[in-house]
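Q: next input, structure requested:
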Amino acid sequence: MVRKLSIAALAVVLLALHSRTLAAAALHNGVALLLRSHWQEATGAEGFPVCGADVNPSPAGAWIERALRLNPQDERAWLLRGRAAWLAGRCDEALQDWERVLSMSPQDRAAWTLYLAAGGKSLRPDPVTAEGVSAYFLFLGDGSQKAEAWEDARRWYTLAFSLHPTAAGARKLEALYLRLEQKERAVAVWEELVAHLPAADPDHWWALGRAAELSEQWERAALFYGEGARRSPAPYDFRMREGAAWERLKDWARAEAAYRRAVEARPDLLWPCLSVGEMRRLQDDVDGALEWYQKAERIAPDRYEPKYYIGLARFLREEYPLAE
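A: So this is what the prediction gives:
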C-alpha cells in the first residue's frame, strides 16, 4: 500500500510540474516493480508463465492505464500492459499490446521474446534480432532440459530453431529427441536444416551427414562428411565423423585416410593419432599401430588412453613384461 501511494504521489508531483512524460515514466516504473514478483511467481520450470496464471491479480493494470493516458507512445508501458493482460488471462489482448510495441520498435528483443513465447505468429523479426531471440530460447530450453521438463525443452528448442536454424540448435534438438527415443524426428531436424543452408555452407554437408548417419546410411554419411571437410576452414570434426562412418563399413583403408587428414587438421590432439593407430592394427600392422599410439602419448603424456593402446600393441608383439 505504501508503495502504491508513493508511486501515485510522485506522479501527482510530476504532473504539477507539467511533466506528463515523466509522470507516465514514474507510473510505469512502479508498475514494473509490482509486476516483477507476480511474473516470477507465475514462471515455473517451463520458463514462461501460462496465460491467466496469476491467481492473485496484480493492481498494476490500473496504474499502467493511467501511464498510457499520460503518454500513449510509451513503448515500455505497452510492454507492461501486455504482461499484466497475460497474467490476468487476456491472452489476445496481451499479444495485441506486444504487436503494438513491435510496430513502434521492430528490433525490441524483449517484445519479440514475449510475443513469440506467447505464440504470436503474425509477425517475424529481422535476421539479426531473430538470432538474438533464438539464443535466449536455447537458454530457456537448456534450463528446461536440466529440470527434466522435456516437453518444455522441446518447445523452446523448436522455437529457437524455427527463428534461426543452425547446426548448434539442431544438435540440441537431436540430443533431446534421441533421449526421448524419437530418432525419426531427430533425422527430420537435420533434413530441415539442409533445406535452409546453401551447399556452399559446410554445415549443409554436416546436416546431410548427420541425417544419413542417424539413418545408418554409412557410405552416404562418409561421403557427405568428406565433402563438408573439403569446404570447411575447420575440417577436423568432419574428418573424424567421416572416419567413423568408414569404420562402420569396415573399410579400414578409407577410415585411416580420413583420420590421417584429421591429424593434419589438428596435430595437437591425441584422438586422431589413436584412430590412425587402430586402423593400422586392424590391418595387421602392429608396428605401425605402436608408432601412432606412442605419438598420441607424446601429445598427451598424462592421459591413460595412449598407455592402454601401447600396452595392447606390446601384448600383440608378445612383449608381455612391457605390456604389463
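Q: please enumerate the strands of the stretch 51-200 of the chain.
A: Assigned by DSSP state E, counting those that start in this stretch, the stretch 51-200 of the chain shows no strands.
Q: helices of that one, residue ranges please.
A: Assigned by DSSP state H, counting those that start in this stretch, the stretch 51-200 of the chain shows helices spanning 60-70, 75-88, 91-104, 109-117, 127-146, 150-163, 167-179, 183-196.
Q: so of the ones you listed, which one's packed in deepest?
A: Ranked by mean neighbour count, these are led by helix 75-88 with a mean of 24 (mean count of other Cβ atoms under 10 Å). In short, each C-beta sits where N, CA and C put it, glycine included.
Q: and that one with helix 109-117, angle?
A: 30 degrees (axes from the mean of the first three to the mean of the last three Cα atoms, to 10 degrees).
Q: if we can go back for a sec, nearest to residue 301, out of the helices of the stretch 51-200 of the chain?
A: Taking Cβ to Cβ, helix 167-179 is the member of the helices of the stretch 51-200 of the chain nearest to residue 301, at 31.9 Å.
Q: what is the distance between the closest one and the centre of its chain?
A: 9 Å (Cα atoms, centre = their mean, to the nearest Å).
Q: lowest average pLDDT across the helices of the stretch 51-200 of the chain?
A: Here the lowest mean pLDDT among the helices of the stretch 51-200 of the chain goes to helix 60-70, at a mean of 73.
Q: now do it: distance to the chain's middle.
A: Relative to the centre of its chain, helix 60-70 is centred 37 Å away, using Cα atoms, centre = their mean.
Q: swap in stretch 303-317?
A: 39 Å.
Q: likewise stretch 136-145?
A: Relative to its chain's centre, stretch 136-145 lies at 7 Å (Cα atoms, centre = their mean).
Q: list the contacts of it.
A: Contacts with stretch 136-145, where a contact means Cβ atoms under 8 Å, 6 or more residues apart in numbering, come from 45-48, 109, 113, 116-117, 150, 152-157, 159-160, 163, 168-169, 172, 176.
Q: ok, back up a step: quick one: closest of the helices of the stretch 51-200 of the chain to residue 227.
A: Proximity to residue 227 (Cβ to Cβ) singles out helix 183-196 among the helices of the stretch 51-200 of the chain, at 12.6 Å.
Q: dump the closest one to PDB, restricted to CA.
A: What follows is helix 183-196, C-alpha atoms only, in PDB (Å, rounded to 0.1, in the frame of the first residue of the first chain):
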ATOM      1  CA  LYS A 183      15.100 -40.900 -33.900                       C
ATOM      2  CA  GLU A 184      12.900 -40.100 -36.900                       C
ATOM      3  CA  ARG A 185      12.300 -36.600 -35.500                       C
ATOM      4  CA  ALA A 186      16.000 -36.100 -35.000                       C
ATOM      5  CA  VAL A 187      16.600 -37.000 -38.600                       C
ATOM      6  CA  ALA A 188      13.900 -34.600 -39.700                       C
ATOM      7  CA  VAL A 189      15.600 -31.700 -37.900                       C
ATOM      8  CA  TRP A 190      18.800 -32.200 -39.800                       C
ATOM      9  CA  GLU A 191      16.900 -32.600 -43.100                       C
ATOM     10  CA  GLU A 192      15.100 -29.300 -42.400                       C
ATOM     11  CA  LEU A 193      18.500 -27.600 -41.700                       C
ATOM     12  CA  VAL A 194      19.700 -28.900 -45.100                       C
ATOM     13  CA  ALA A 195      16.800 -27.000 -46.800                       C
ATOM     14  CA  HIS A 196      17.800 -23.800 -45.000                       C
END
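Q: what's the angle between that helix and helix 150-163?
A: For helix 183-196 against helix 150-163, the angle by the same axes, to 10 degrees is 20 degrees.
Q: helix 183-196 packs against which elements?
A: Here helix 183-196 touches helix 167-179, helix 202-214, going by 3 or more Cβ pairs under 8 Å, 6 or more residues apart in numbering; DSSP states H and E.
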